[in-house]
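Visitor: next come a sequence and a model predicted from it.
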Amino acid sequence: MKKLTGKQLAELLNVSPSTISNVLNGRYDRVSEATKKRVWDAVEKYGVRHLPSRDRRISLEKRNIAFIVLSEHSNEWFLENLHGIADTCRKRNYILSQVLFPVWDPDYFRFIFSTLDLSGAILITTLNHPVTDLLRTFGIPYVMVDSYDDETTHNTVHLDNFKGAFMAVEYLIGLGHRKIGLLAGIPHWSSAIYRERGYRAALEKYQIPWQADLAYNGCFTFFGGFMGTEVLLDRHPDLTAIFAASDEMAVGALKKAAELGLEVPGDLSVVGFDGHSIGQLGSVPLTTVQTNPFMVGVNACEMLIGMLESDSSEVAKVVMDVSLSIRGTTGRPKPAAAAR
């Protein structure tokens, strides 16, 4: 369906063009709440060609890209991701805007999309976040970072989260661990889903029963890992290893282990995921699944720029490999623990 111009939208709703302009540009103090809703409902239904010059040539001249991040994901991995995107924008002469948001505010994003005249966007959000609906409404191409499922129908660059988790848990099993706890991530994030799947698949391969009470949702945070380790050890005093779905949670686990007087890796082995510098700051360097967030950012930005400059709508999925970095927080369980 061909998008409407602002003038056509005004005629359809029987309002003035200035009213349409006020709404599209976020000047909500000049219109009533009811009118604002009518305009945005129409925009989402019909689409709007709010700038006559918004064609491919002018989009490329403007060369504006937004990096949009749900702030619960604003950790060290995100910062390295941002560095890769920013470096690519610099080399390719694109302008980068960063949008970090703590809560979903559709009016705010309507204002952003109608004001900045973006060429494209790169997202770190949950898979079906409503911001993607607005991007489609405004005709803004986008690439998602580490947000996907088995039937993904959008452009994405993501880690091989399943493989990384599987490798980590298989390594622990190979050392002799059989009671392995999971510090899981936020359930609606793709990375958390696939890292848990990898953990469970490794257990299944070696015929180790899955136990729901061996998992704790640590929300990818240091505090979540700290508290989760105490909970898991209370439930299972014979626990010998923990796989944490992020390095922040793994470092929290190490902190709790130290408070409880546990020797790492003698009493408890810990593996993280991401390869943050935070894992190398303690007295015992963290064994972790190593990723390259900088190159994830580079690849996501190159994918988006390729879409813009070729005017392509073809869907692509790029999977970034991971590796296991074995350091000081993992070892064989003590004989007494292994026998339990």
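Guide: Yep, that arrived.
Visitor: regarding His129, what is its secondary structure?
Guide: Three-state call for His129 (DSSP: H, G, I helix; E, B strand; the rest coil): coil.
Visitor: that one and Leu70 touch, don't they?
Guide: Yes: using C-beta atoms under 8 Å, His129 is in contact with Leu70, at 7.1 Å. Bear in mind the C-beta positions are built from the backbone N, C-alpha and C, glycine included.
Visitor: show me the strands in the protein, by range?
Guide: 4-5, 48-49, 64-70, 95-101, 120-124, 142-145, 156-159, 180-184, 215-217, 241-244, 269-274, 287-290, 317-320, 323-325 (DSSP state E).
Visitor: closest to Val23 out of these?
Guide: strand 48-49 (10.0 Å; C-beta to C-beta).
Visitor: hang on, the earlier thing: let me have the strands of the chain in a markdown table, extended by mean pLDDT, distance to Glu11 and mean neighbour count.
Guide: Listed next are the strands of the chain as a markdown table, based on pLDDT from 0 to 100; distance: least, C-beta to C-beta, whole Å; neighbours: other C-beta atoms under 10 Å:
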| stretch | mean pLDDT | distance to Glu11 | mean neighbour count |
| --- | --- | --- | --- |
| strand 4-5 | 78 | 9 | 18 |
| strand 48-49 | 68 | 13 | 20 |
| strand 64-70 | 91 | 30 | 22 |
| strand 95-101 | 90 | 32 | 15 |
| strand 120-124 | 95 | 30 | 25 |
| strand 142-145 | 95 | 30 | 26 |
| strand 156-159 | 96 | 39 | 24 |
| strand 180-184 | 98 | 53 | 27 |
| strand 215-217 | 98 | 52 | 19 |
| strand 241-244 | 98 | 58 | 31 |
| strand 269-274 | 97 | 53 | 30 |
| strand 287-290 | 97 | 57 | 25 |
| strand 317-320 | 94 | 42 | 15 |
| strand 323-325 | 97 | 59 | 16 |
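Visitor: to Phe226, which of the ones you listed lies closest?
Guide: Smallest distance to Phe226 across the strands of the chain (C-beta to C-beta): 9.8 Å, for strand 180-184.
Visitor: partners of that closest one, with directions?
Guide: Sheet pairing for strand 180-184, assigned by DSSP bridges, gives strand 215-217 (parallel), strand 241-244 (parallel).
Visitor: and of those strands, who's closest to Asn93?
Guide: strand 241-244 (40.2 Å).
Visitor: related to what we said a few turns ago, distance to Gly174 for the strands of the chain - can I get that in a markdown table?
Guide: What follows is those, written out as a markdown table (distance: least, C-beta to C-beta, whole Å):
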| stretch | distance to Gly174 |
| --- | --- |
| strand 4-5 | 62 |
| strand 48-49 | 58 |
| strand 64-70 | 36 |
| strand 95-101 | 41 |
| strand 120-124 | 33 |
| strand 142-145 | 32 |
| strand 156-159 | 22 |
| strand 180-184 | 12 |
| strand 215-217 | 21 |
| strand 241-244 | 11 |
| strand 269-274 | 12 |
| strand 287-290 | 13 |
| strand 317-320 | 25 |
| strand 323-325 | 11 |
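Visitor: wait, which of those is closest to Pro17?
Guide: Pro17 lies closest to strand 4-5 among the strands of the chain, at 9.4 Å (C-beta to C-beta).
Visitor: centre of the chain to the closest one, how far?
Guide: Chain-centre distance of strand 4-5: 34 Å, with C-alpha atoms, centre = their mean, to the nearest Å.
Visitor: so what does that strand touch, helix or strand wise?
Guide: With contacts defined as 3 or more C-beta pairs under 8 Å, 6 or more residues apart in numbering; DSSP states H and E, the packing partners of strand 4-5 are strand 48-49.
Visitor: of the strands of the chain, which is nearest Asp41?
Guide: If we rank those by C-beta to C-beta, the stretch that ends up nearest is strand 48-49, at 11.7 Å.
Visitor: what's around Glu151, how many residues?
Guide: For Glu151, the neighbour count with other C-beta atoms under 10 Å is 5.
Visitor: and the pLDDT at it?
Guide: Glu151 carries a pLDDT value of 85.
Visitor: now the strands paired with strand 180-184 as CSV including distance to His276?
Guide: Rendered in CSV, the data for these read as follows (distance: least, C-beta to C-beta, whole Å):
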stretch, distance to His276
strand 215-217, 20
strand 241-244, 12
